[in-house]
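# sharing a model prediction with you, sequence too.
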Amino acid sequence: MYKKALELDPANANNTGNYAGLLLAMGKKEGFELLKRALNLAEDNHVLTLESHFYQYAHTEDEIIQDESLAKIKELIETGVRSPGWDLTDNVNRAISDKHPQPEFLKALAKVIADETDSNELDKFDVWKK
C-alpha cells in the first residue's frame, strides 16, 4: 500500500517515512534510501523526523550515524515530540535480531516515542546520558 501511495504522491513525507520503516523492519536495507528522502521531505514535521531518526538509529551499523540520530532523537524528545500509539515493535525486534548494541534501551526508547512511558525512563541508560 505504501508503494502504491508513493507512486501516486512521491513527495508525501509520511508515506515515504512509513514505507522506509516497514522495509527496515523487514530487513531490507533499501529502506535507508527512502529514509534519507523522508528526512529531506519532513521539514517541520517533527513527529516524522523523530520516527525516521529512530529507524535510522535502530537499523544502521554506522556508529557515527547512530550517534547523530540519537542526538536528534534526544533533542526532539526533550522538546516534547512524541508519536502516540505508533507501534515500533517490528523495528525493535528486527534491530535486536540484527544485534543492535543497546537492545533494552531501544525497547525503552520505542515506548517513550509511542508515549507509553515517561522519558525519565531513558535516564537509566548510559547511552542516553552522553
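Yes, it's here.
# now the helix ranked longest in the chain: mean pLDDT?
Of all the segments of type helix in the chain, defined by DSSP state H, the longest one is helix 63-78. On average, the pLDDT along helix 63-78 is 97.
# distance between that helix and the chain's centre?
Centre-to-centre, helix 63-78 and its host chain are 10 Å apart (Cα atoms, centre = their mean, to the nearest Å).
# now do stretch 95-115
Mean-position distance between stretch 95-115 and its chain equals 10 Å (Cα atoms, centre = their mean).
# end-to-end on that stretch?
In stretch 95-115, first residue to last residue: 20 Å (Cα to Cα, to the nearest Å).
# who touches it?
27, 50-51, 54, 57-59, 73, 77, 82-89, 91-92, 117-119, 121-122, 124-125, 127-128 (Cβ atoms under 8 Å, 6 or more residues apart in numbering). Bear in mind the C-beta positions are built from the backbone N, C-alpha and C, glycine included.
# again, but for stretch 64-73
Residues outside stretch 64-73 that contact it (Cβ under 8 Å, 6+ apart): Thr49, Leu50, His53, Phe54, Gln56, Tyr57, Thr60, Leu109, Ile113, Val127, Lys130.
# list only buried entries from those.
Thr49, Leu50, His53, Phe54, Gln56, Tyr57, Thr60, Leu109, Ile113 (16 or more other Cβ atoms under 10 Å).
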